[in-house]
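S.K.: let me see the structure of the following:
(one chain, ligands or ions: 1)
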Amino acid sequence: ESFTCQGRVYLRIKWKIYVLEEVQKELLSFGESGMSLMEMSHRSKEYSKINNDAQKAVRELLHVPDNYKILFIQGGGTGAFAAVAMNLINRTGSADYAVTGTWSGKAAKEAAKYGKVNLVFPKADKPGSIPAESTWTLNPDAAYLYYCDNETVDGVEFPYIPNANGIPIVSDMSSSIMTKRVDITKFGCIIAGAQKNIGPAGVTVVIIREDLLGNPMKICPSVFDFTHINKENSVHNTPATFSVYVMEKVLQWIKKNGGVEAMEAQSSQKKTLLYDAILHSNNFYSCPIDEDVRSRINVPFRVGGPQGNEDLETKFLQEAEKLKMFQLKGHRSVGGMRASLYNAVTSDDVNLLVKFMNEFRKQYG
Ligand code: PMP
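M.R.: Okay, here's the model as predicted:
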């Protein structure tokens, strides 16, 4: 069977069985309705149930306390960068940003349109590390401290939750949500685009502490206004109903399969398998990221030595594709390879990748 290491949820066999087949079954008639969910009003009782069940599933899976609200918005992760600032920066006019790679960099740039942004450490020339927390310059008047839990492009993941001395912490968990347990009480707000681990593109999950609502900037569009969206239970206008519907099924699948705890155990197993293969390759494969902040989810690596050998890398991709392993090419901004081990990728899949890597090394190393 074919599989992809990028592992967007809708491409995987396992998810196909549990989620896509159900979607397929219901595509022509949702329940007895004779209609697809796509055709239904977002005010229908059917969609209301899906909306509420999806919120409930997020709450259960991540053990979200009652004083946090769960919202579904559109505009992707990038929309949420702006929304975070427009909803939260107003309290003091400035915010702290820890920029550890591409996505936190973009978030900081976006927020600077709406208030003062303080970078808590200078931007590194080459991402791949996180400066020790003791060296960060936190602004005591910041409205919040922002960081990206897992930098999807760069392969840097926070192994801890920063200490912001009581200032609300905002985290982008687009690529790490539901891959590990999270102590929600440590956060003011979490944002996560669904399309990596929990569903199709089109819906972004926002988890926000209740007391942070109520202070949006006047210019904040209502589609990004967390206070308003919360009041309207995420149906103030037409939501991405089909995306929420599929996401709800994925969340139920995670629940049935051991919850976030099981996803975390699988994630750590996959991480060990792949990094061990890199480590024991006599430098044929190399990972440019500091060991203590290596992502469990997005693993960038070079082929043919620490600087990478582009001819070998092209060959590597071609050979991998013959084995139906797709999307191993690194992001265009960093080059090399990147294996993305989202929830839909199993340990068996990673074993296959490792087997291929070992054979490729024997042949070309
Ligand atoms: N944050 C992270 C961590 C991401 O990986 C991405 C997308 N890959 C984004 C934000 C941006 O998401 P979108 O494309 O939905 O705007």
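
S.K.: tell me if residue 72 really is in a strand.
M.R.: Yes - counting by DSSP: H, G, I helix; E, B strand; the rest coil, residue 72 is found in a strand.

S.K.: confidence score at it?
M.R.: Looking at residue 72, its pLDDT reads 98.

S.K.: and it, what does it touch?
M.R.: Residue 72 makes contact with 51, 54, 55, 203, 204, 205, 206, 234, 239, 240, 244, according to C-beta atoms under 8 Å, 6 or more residues apart in numbering. For the C-beta atoms, the positions are set from N, CA and C on the backbone; glycine is no exception.

S.K.: beta partners for it?
M.R.: Beta-bridge pairing for residue 72 (DSSP bridges): residue 205.

S.K.: ok, and the helix or strand in the protein with the lowest average confidence?
M.R.: In the chain, no helix or strand scores lower on mean pLDDT, DSSP states H and E than strand 3-4, which sits at a mean of 40.

S.K.: what sits up against the lengthiest helix in the chain?
M.R.: In the chain, taking DSSP state H as the definition, the longest helix is helix 259-279. With C-beta under 8 Å, 6+ apart as the test, helix 259-279 has contacts from 61-62, 178-182, 254, 257-258, 285-287, 294, 296-297, 299, 301, 339, 341, 343, 345-347, 350-351, 353-354, 357-358.

S.K.: I'd like the mean pLDDT over it, please.
M.R.: 96.

S.K.: name the helices or strands packed onto the helix or strand just after that helix?
M.R.: Note on helix 259-279: by DSSP states H and E, the next helix or strand toward the C-terminus is strand 285-286. Counting contacts by 3 or more C-beta pairs under 8 Å, 6 or more residues apart in numbering; DSSP states H and E, strand 285-286 is packed against helix 259-279, strand 298-303.

S.K.: for those, give me CSV that also has distance to residue 97.
M.R.: Formatted as CSV, the helices and strands packed on strand 285-286 follow (distance: least, C-beta to C-beta, whole Å):
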stretch, distance to residue 97
helix 259-279, 26
strand 298-303, 20
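
S.K.: residue 148: which of these is closest?
M.R.: strand 298-303 (11.5 Å; C-beta to C-beta).

S.K.: for the closest one, name the packing helices and strands.
M.R.: Packed against strand 298-303, as judged by 3+ C-beta pairs under 8 Å, 6+ apart, are the following elements: helix 259-279, strand 285-286, helix 310-322, strand 337-340.

S.K.: give me that answer again for 7 Å
M.R.: strand 285-286, helix 310-322, strand 337-340 (3 or more C-beta pairs under 7 Å, 6 or more residues apart in numbering; DSSP states H and E).

S.K.: ok, residue 216 - contacts?
M.R.: Applying C-beta atoms under 7 Å, 6 or more residues apart in numbering, we find residue 216 in contact with 86, 87, 90, 225, 226, 227.

S.K.: residue 347 - how many residues pack around it?
M.R.: Other residues lying near residue 347 total 15 when counted by other C-beta atoms under 10 Å.

S.K.: once you drop chain neighbours, what's closest to it?
M.R.: Distances taken as C-beta to C-beta, 6 or more residues apart in numbering place residue 269 nearest to residue 347, at 5.0 Å, with adjacent residues excluded.

S.K.: can you check residue 23 too?
M.R.: Leaving aside its chain neighbours, residue 23 sits nearest to residue 246 (6.0 Å; criterion: C-beta to C-beta, 6+ apart).

S.K.: check residue 108 too.
M.R.: residue 97 (4.0 Å).

S.K.: wait, is the one you found part of a helix?
M.R.: No - Residue 97 sits outside any helix when classified using three-state DSSP, being strand.

S.K.: and it, how many neighbours?
M.R.: A count of nearby residues for residue 97, using other C-beta under 10 Å, gives 25.

S.K.: distance of it from the ligand?
M.R.: Using C-beta to the nearest ligand atom, to the nearest Å, we find residue 97 at a distance of 13 Å from the ligand.

S.K.: what pairs with that residue across the strands?
M.R.: Here residue 97, judged by DSSP bridges, has bridge partners residue 119, residue 146.

S.K.: what's the local residue count around residue 243?
M.R.: 19.

S.K.: now it: which helix or strand?
M.R.: For residue 243, the host element (DSSP H and E) is helix 241-256.

S.K.: could you check the angle that helix makes with helix 259-279?
M.R.: Helix 241-256 and helix 259-279 are oriented at 80 degrees to each other (axes from the mean of the first three to the mean of the last three C-alpha atoms, to 10 degrees).

S.K.: out of the helices and strands packed on strand 285-286, which comes closest to residue 314?
M.R.: Among those, if distance is taken as C-beta to C-beta, the winner is strand 298-303, at 9.4 Å.

S.K.: report whether whichever strand or helix holds residue 83 contacts the ligand.
M.R.: In this structure, residue 83 sits in helix 76-88 according to DSSP H and E. Yes - using C-beta under 6 Å from any ligand atom, helix 76-88 reaches the ligand at 76, 77, 78.

S.K.: apart from its chain neighbours, what residue comes closest to the second one?
M.R.: Nearest-residue entry for residue 77: residue 193, 3.9 Å, with adjacent residues in sequence omitted and distances by C-beta to C-beta, 6+ apart.

S.K.: tell me the contacts of the one you found?
M.R.: 76, 77, 174, 204.

S.K.: number of residues surrounding the residue of the stretch 201-350 of the chain found nearest the ligand?
M.R.: Residue of the stretch 201-350 of the chain nearest the ligand, by C-beta to the nearest ligand atom: residue 201 (6.4 Å). By other C-beta under 10 Å, 15 other residues sit near residue 201.
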